[in-house]
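Just to be clear, the model below is a prediction. Sequence and coordinates:
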Amino acid sequence: MSSTVSSPRTKALPTSTPAGESPRRRLRAVLALARVEARELLLQIPVFVVLCVYVAYVGWELWTGGGEDGAYPVLQDVDRATQPESLFLGVAVLVCVNRAVLRSRRRGTDGHFDVLVMEPWRRTVAHLLSVVPFALATALVVAAQFTGAALKPGAVGTGSFSELAVAPLAVLLLGVLGVLIARLVPSAFGAPLFVVGGYIAVVLLLSSSEDTPWLRWLTPFVDEFQADPLPSDLLGRPAAWHALYLVGLIVLVSCAAVLCGGRRTLPAALGLARAARNPVAWPAVGPARLVKAVALGAAVLTLAGAVGQSRGDSPALLAARKQASVAPEKDHTCVPHGRSTYCAFPEWTGRTEDWAAVVRRVQSLAGGAAGGTKLTVRQRVDARYGLSASATLEPSSTHGQVTVGTRWGGNRVPEFSVGVASVLVAGNEEAAAAMCDGRVVTVMWLALATTSDPMASLRDVRIDDSVSGSAIVLAPTHPLEMTAAQTTVVRELLQRPRYGVTAKVKAHWTELTSPKTSTARAAELLDVPVPKGSEKEDKCEE
Amino acid sequence: MRGVTRPAADEPLPAAGLGRHAVGGLVRALVLPVARGLPWRPLAAGGTLGLLIAAGTRLHSDGVQPWLALLHLRAAALAFGLGLAFLLDDPARHTTATVPVRRLLRAGLRVALVAPVAVAWWGAAVLLVPAEGRPPLGDVTLEVAATAVLALAAAAAAVRLWEEPEPGQATAAVVLVTGVAAPLLMPGRWTLFVRLGVDRWDEAHRAWAWVLAGAVLVWVACTVEPVRRPLGGWSRSSPRP
């Protein structure tokens, strides 16, 4: 906060050295000032608090494992998820670096700087450089976030360096924007109002740009709500172009800030006022030319990035997405585990062992031929409508084929067990989706009996988180419907010791898996009190 | 040195000693100078930006939805709040500290002068939103009032804790970062920034009423002068010659 004139910390500045010194010493002076400014910036309350909260938040996520499917991260989504959180740090840095640039004006020490050897434009460069440590800190946090996810045993997929680079670049961009704003609008309320205005501008841009993706990609982060992870070659995000765009923009804004460094007000910067009164304030002719040349190069870079990122989805990508959605077997790698085969997109083959464990568990409870049926577990996605569209998968009519999605962990595990059990009982997914008789009891018991906490799993797979009454049960493709009577029977079965029920299920397997068996009959076979009113509910709705 | 250059300021004449009559006269005498000393420029900038944001609701191509209008109005309130964060800036703070009028009266006068402006601004902002897109006005007004008073409380706290004559920019930075981060970092079970049409709307607005009440209390507590100056610590940026 102290002014750089009187503070003892800034003794490193070569304030008393003669003017004709070597460029190296000048550079050293700039770096020394940048270091001091970076330290001052860190000690500003908003930056300090936001940095602490950011680090603590990421640390907490790493420590607790990050939510429901945190143990099974998909790295091509994790890289993108590191971006939005860095926005707060960027905003805090923008406001505070702006304040730091305007400090001399606020303290009335602008005039004192005129007698120093260091020109105002070098001072601007130092302010620009003072943001760099915060970008580096963001890079470290992002690296920790990504490494933490990548080191998990359940991690699949590949991250992209360009996506990971966006968070640090965005912090840097917002920081240098803070310097530029201070140079253009030297007033205390320029930066905060810029942030609010910029926020609304982005909202307007996003709400009106559904048909024009190029507008959306002009914002620092392009966050897409994504229902299910896709294989990395189907993402089609121009991440590298976007990183190039951000780099170009950063250099361009920095050059603009340096060029405006000497001119104190917006009218002067726009050339409306007369030329600067103070020749020292301008970059000397040589450096000014260099900065202008760099700015030109950066503008070209920005434009190239902007054009590159707004080309939209290529026909090849659309074709690949369609093929992955309609005929995934062409992209799949199949791995046999036991009797069954597990076909997945190449990035997911490591997860087939987890699926096989669920299939083994469910199949061990089934009786008759179902206990030894050869299943094909096939991973499916629907990428035809792009990243942000969520489409439910159509049930497959192939005999013995079970669908599995691209997510895993949390609720996805019991949902997959329901899928496996319903195919074992009904033969294929299409037939399973139409089930509305006593077989639902068998399916639900098969799916949930071997989970570590069957009642909790029952609550998880039901869409309303209940364990009584009728409800929809989630499965990888179409959901099942459970009537109140079926729920009562399943609840009763899940609370009994498993080995007793297993014997009865295996003994009556043929009848329990017949479409003609009513819920009441299934209850009788399994020795459970028959719930009242089960006959009425059993009728299939047409 | 301190005691010499800055006489034990903030120790005003006991206002209790002045009669009601005298206070009235004092207010009359102060109105004009205080009005002239108000930081109108940040207020005007924040207010203008707020109105622009509210008018931005008309830019949406397919008509404005109430939830989007709510977003705009919240952002507009934040913009105006950023202007209000500058309200207690007083370049002459170190000379006016010695006047025998309490800070509560001076700051209260500033707030009273700005209040009609704020009310008019809010009315204009609401009118700028197309009628079919307006969210429930009473509740949103409560949110906006709470935001404004929070900004004022932050300004008062800055005046109380720092020796800085113009802490407005630092206050605005804190208000801004809080305003941006709070809706996103707040745990889900705290109901404050609810979406429109959620059943927790009423609960959230009871919470907003508490926030408003708390902010008023903080403002009053921070505006009353301390009996003694804080020693060292917070007063890092003492004024320079």
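That came in fine, so what should we check first? Numbering: from 1, shown residues only, chains lettered A, B, ... in the order given.

Check the secondary structure at the spatially most central residue of chain B for me.
Closest residue to the average C-alpha location of chain B: B:Leu152 at 2.4 Å, with Cα atoms, centre = their mean. Taken by DSSP: H, G, I helix; E, B strand; the rest coil, the conformation at B:Leu152 corresponds to helix.

tell me the contacts of it?
By Cβ atoms under 8 Å, 6 or more residues apart in numbering or on different chains, the residues touching B:Leu152 are B:Leu84, B:Ala85, B:Leu87, B:Leu88, B:Val111, B:Ala215, B:Trp219. No exception for glycine: its C-beta is placed from N, CA and C like everyone else's.

rerun at 6 Å
By Cβ atoms under 6 Å, 6 or more residues apart in numbering or on different chains, the residues touching B:Leu152 are B:Leu84, B:Trp219.

again with the one 5 residues further on
Taking Cβ under 6 Å, 6+ apart as the criterion, B:Ala157 is in contact with B:Cys222.

Okay, and it sits in which element?
Element membership of B:Ala157 [criterion: DSSP states H and E] is helix B:137-161.

packing partners for the helix or strand encompassing A:Cys96?
A:Cys96 belongs to helix A:86-101 when assigned by DSSP H and E. Other elements packing on helix A:86-101 under the criterion 3 or more Cβ pairs under 6 Å, 6 or more residues apart in numbering or on different chains; DSSP states H and E are helix A:45-64, helix A:161-184, helix A:190-207, helix B:168-185.

between the helix holding B:Ala157 and helix B:168-185, how big is the angle?
Interaxial angle, helix B:137-161 versus helix B:168-185 (axes from the mean of the first three to the mean of the last three Cα atoms, to 10 degrees): 130 degrees.

Next, the buried residues of helix B:137-161.
Using 16 or more other Cβ atoms under 10 Å in any protein chain shown as the test for burial, helix B:137-161 gives B:139-161.

what does stretch B:192-205 give?
Neighbour-count burial for stretch B:192-205 [16+ other Cβ under 10 Å]: B:Leu192, B:Val194, B:Leu196, B:Ala204, B:His205.

Relative to chain A, how far out is the first one?
Using Cβ to the nearest Cβ, to the nearest Å, we find B:Leu192 at a distance of 17 Å from chain A.

And the closest residue to that residue other than its chain neighbours, what's its pLDDT?
Nearest-residue entry for B:Leu192: B:Ala207, 5.4 Å, with adjacent residues in sequence omitted and distances by Cβ to Cβ, 6 or more residues apart in numbering or on different chains. Note on B:Ala207: pLDDT of 89.

Can you classify B:Ala207 by secondary structure?
Following three-state DSSP, the label given to B:Ala207 is helix.

Please verify my assumption that it contacts B:Phe193.
No: the criterion here is Cβ atoms under 6 Å, and B:Ala207 misses it with B:Phe193 at 9.9 Å.

the helices in chain B, which residues?
All helices of chain B, identified by DSSP state H, fall at B:2-5, B:20-37, B:40-55, B:66-84, B:93-96, B:103-128, B:137-161, B:168-185, B:201-223.

Which one among the buried residues of stretch B:192-205 sits at the bottom for pLDDT?
The minimum pLDDT among the buried residues of stretch B:192-205 falls on B:Leu196, with 75.

distance of the residue nearest to B:Gly133 when sequence neighbours are not counted from A:Leu215?
Setting aside the residues directly before and after it, B:Gly133 is nearest to B:Val64 in space (Cβ to Cβ, 6+ apart), at 3.6 Å. Here B:Val64 is placed at a distance of 19 Å from A:Leu215 (Cβ to Cβ, to the nearest Å).

Equivalent analysis for B:Glu203, please.
With Cβ to Cβ as the criterion, B:Glu203 and A:Leu215 are 37 Å apart.

List the contacts of B:Ala181.
B:Ala181 neighbours (Cβ under 6 Å, 6+ apart): A:Phe88.

Check the helices of chain B for me and report the most buried one.
helix B:66-84 (a mean of 25; mean count of other Cβ atoms under 10 Å in any protein chain shown).

Return the alpha-carbon coordinates of stretch A:298-317 using PDB.
Presented in PDB, the C-alpha positions along stretch A:298-317 are these (Å, rounded to 0.1, in the frame of the first residue of the first chain):
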ATOM      1  CA  ALA A 298      -0.400 -10.400 -31.100                       C
ATOM      2  CA  ALA A 299      -3.400  -9.000 -32.900                       C
ATOM      3  CA  VAL A 300      -2.700 -11.400 -35.800                       C
ATOM      4  CA  LEU A 301      -2.300 -14.300 -33.300                       C
ATOM      5  CA  THR A 302      -5.600 -13.300 -31.600                       C
ATOM      6  CA  LEU A 303      -7.400 -13.200 -34.900                       C
ATOM      7  CA  ALA A 304      -6.000 -16.500 -35.900                       C
ATOM      8  CA  GLY A 305      -7.100 -18.100 -32.600                       C
ATOM      9  CA  ALA A 306     -10.500 -16.500 -32.900                       C
ATOM     10  CA  VAL A 307     -11.000 -17.700 -36.500                       C
ATOM     11  CA  GLY A 308      -9.600 -21.200 -35.600                       C
ATOM     12  CA  GLN A 309     -11.900 -21.700 -32.600                       C
ATOM     13  CA  SER A 310     -15.100 -20.600 -34.400                       C
ATOM     14  CA  ARG A 311     -15.100 -23.100 -37.200                       C
ATOM     15  CA  GLY A 312     -17.700 -25.200 -35.600                       C
ATOM     16  CA  ASP A 313     -18.000 -29.000 -35.800                       C
ATOM     17  CA  SER A 314     -16.300 -30.500 -38.900                       C
ATOM     18  CA  PRO A 315     -18.200 -33.000 -41.000                       C
ATOM     19  CA  ALA A 316     -15.700 -35.700 -40.100                       C
ATOM     20  CA  LEU A 317     -16.400 -35.000 -36.400                       C
END
